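**Student:** quick one, fold the following:
(one chain, ligands or ions: 1)
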Amino acid sequence: METILAKIVNRKKQRLKELKENSIYDFDFTISNFEKNIDFSIKKPNFYNAMKKEGLSIIGEVKKASPSKGIIRESFNPIEIAKEYNNIVDAMSILTEENFFMGKAEYLKDISNNVDIPLLRKDFIIDPIQIYEAKYLGASAILLIVSILSDDEIKNFYSLAKELELDCLVEIHNLKELNRALNIDVDIIGINNRNLKDFSVSLNTTLELSQYIEKNKILISESGIFDKNDIKHLKKGNIDGILVGESFMKSSNINHLAKSFKKAFEE
Ligand SMILES: O=P(O)(O)OC[C@@H](O)[C@@H](O)c1c[nH]c2ccccc12
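**Tutor:** As a prediction, the model looks like this:
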């Protein structure tokens, strides 16, 4: 059976083909056009430093829907959500995948014009053009999902991102993927507590894998984080930060929830 992850990646390939035939920008969707249109003089806030700072770093995700949960947030105004996050979290993750997460590339651009904390482009990156596009749209960092990339792709995409002054959150879900990420000496590792193949979630994934990660790496625990007890549990895994979508999107008081996460981490 085709996994949901394989479906998402196939749709993404098709989407990239569509964009190459019919650009959503006022120029053709090519790498050289992105290069011409990126303003390299604009310095974006640094994602790595935001993760490295003292205490628990929080990445708040702008997420309307997901294949596992359906619509997560009915009244979805990405700029308003981002403005709310801006004074509360350390960085934001902006979902730009259209078909399964109801994201949009333009959300990233719009948000980057309205906030001053680092933005992560959250998408299924399988082609270098998406990395140029992330830069063009105002990202400080991109997500690289190890399970959908070959070793060469991880290496090449990682160094391309660095050339474009983008950090990479390199996402893994098991020991095999972790070893592939460590082979190219990545600096920020995201452990996804959700298995993208069957959607099962276990925070223990972070605890089990964190023991293989040296202290000099930045470690982010991703997905399925809801309350202060989750933070206390994850703290045993020496995490630097967390990536939170659903529980923030459904919260009536993001500030309060984020503070309770930070406080639980200090205790
Ligand atoms: O909504 P949650 O359970 O808090 O999860 C957020 C984030 O970790 C999740 O959206 C995510 C993690 N890795 C991904 C890769 C692609 C798309 C989405 C994701």
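**Student:** make it CA atoms for all contacts and neighbour counts henceforth
**Tutor:** Noted.
**Student:** for Asn22, give its distance to Gly237.
**Tutor:** Distance of Asn22 to Gly237, given as Cα to Cα, to the nearest Å: 46 Å.
**Student:** just want to know which of the two has more residues nearby.
**Tutor:** Between Asn22 and Gly237, counted using other Cα atoms under 10 Å, Gly237 has the larger neighbour count: 20 against 12.
**Student:** let's verify the nearest residue to that one once chain neighbours are set aside: helix, strand, or coil?
**Tutor:** In space, and not counting its chain neighbours, Gly237 is closest to Leu207: 4.7 Å by Cα to Cα, 6 or more residues apart in numbering. Secondary structure state of Leu207, per DSSP: H, G, I helix; E, B strand; the rest coil, is helix.
**Student:** so what pLDDT did Leu207 get?
**Tutor:** The score at Leu207 is 98. That number is its pLDDT.
**Student:** my guess is Ser140 meets Ile42, correct?
**Tutor:** No: contact criterion Cα atoms under 8 Å: Ser140 and Ile42 do not qualify, at 11.1 Å.
**Student:** between those two, which one's more packed in?
**Tutor:** Neighbours were counted for Ser140 and for Ile42 using other Cα under 10 Å; Ser140 has more, 27 against 8.
**Student:** surely Met51 and Ser57 touch.
**Tutor:** Yes: counting by Cα under 8 Å, Met51 does reach Ser57; the two are 5.4 Å apart.
**Student:** need the residues touching each of those two.
**Tutor:** 90, 240-241 (Cα atoms under 8 Å, 6 or more residues apart in numbering).
**Student:** so which bits of this protein are right by the ligand?
**Tutor:** Contact residues, the chain versus the ligand (Cα under 6 Å from any ligand atom): 123, 192, 222-225, 243-247.
**Student:** please, which helix or strand holds the closest residue to Leu19 other than its chain neighbours?
**Tutor:** Spatial nearest neighbour of Leu19, chain neighbours left out: Phe29 (6.2 Å); criterion: Cα to Cα, 6+ apart. Secondary structure assigned from DSSP states H and E places Phe29 in neither a helix nor a strand.
**Student:** repeat that for Ile131.
**Tutor:** Per DSSP H and E, Ile131 falls inside helix 128-137.
**Student:** still on that earlier bit, pLDDT score for the residue nearest to Leu19?
**Tutor:** For Phe29, pLDDT reads 98.
**Student:** chain center to whatever helix or strand Gln14 lives in, what's the gap?
**Tutor:** Element membership of Gln14 [criterion: DSSP H and E] is helix 4-21. With Cα atoms, centre = their mean, to the nearest Å as the basis, helix 4-21 stands 18 Å off its chain's centre.
**Student:** ok, so of the residues of the chain next to the ligand, who is nearest Lys155?
**Tutor:** Of all those, Asp123 has the smallest distance to Lys155: 17.7 Å, by Cα to Cα.
**Student:** next, the contact list for the closest one, please.
**Tutor:** Applying Cα under 8 Å, 6+ apart, the residues near Asp123 are 95-97, 142-143.
**Student:** farthest-apart pair in the residues you listed, please.
**Tutor:** Taking Cα to Cα, the two most distant members of these are Glu97 and Ile142; they sit 12.8 Å apart.
**Student:** what about the two, which has more around it?
**Tutor:** Set Glu97 next to Ile142 and count neighbours by other Cα under 10 Å: Ile142 wins out with 28 against 21.
**Student:** phi first, then psi, for whatever residue of the stretch 1-150 of the chain ends up closest to the ligand.
**Tutor:** Across the stretch 1-150 of the chain, the shortest distance to the ligand (Cα to the nearest ligand atom) belongs to Asp123, at 5.8 Å. Torsion angles at Asp123 (phi, psi; degrees, to the nearest 10) stand at phi -160, psi -180.
**Student:** begin at 41 from here
**Tutor:** Understood, numbering begins at 41; the last thing we discussed is Asp163.
**Student:** any idea how far Leu218 is from it?
**Tutor:** 19 Å.
**Student:** now do the end-to-end distance for stretch 103-122.
**Tutor:** Counting by Cα to Cα, you get 11 Å between the two ends of stretch 103-122.
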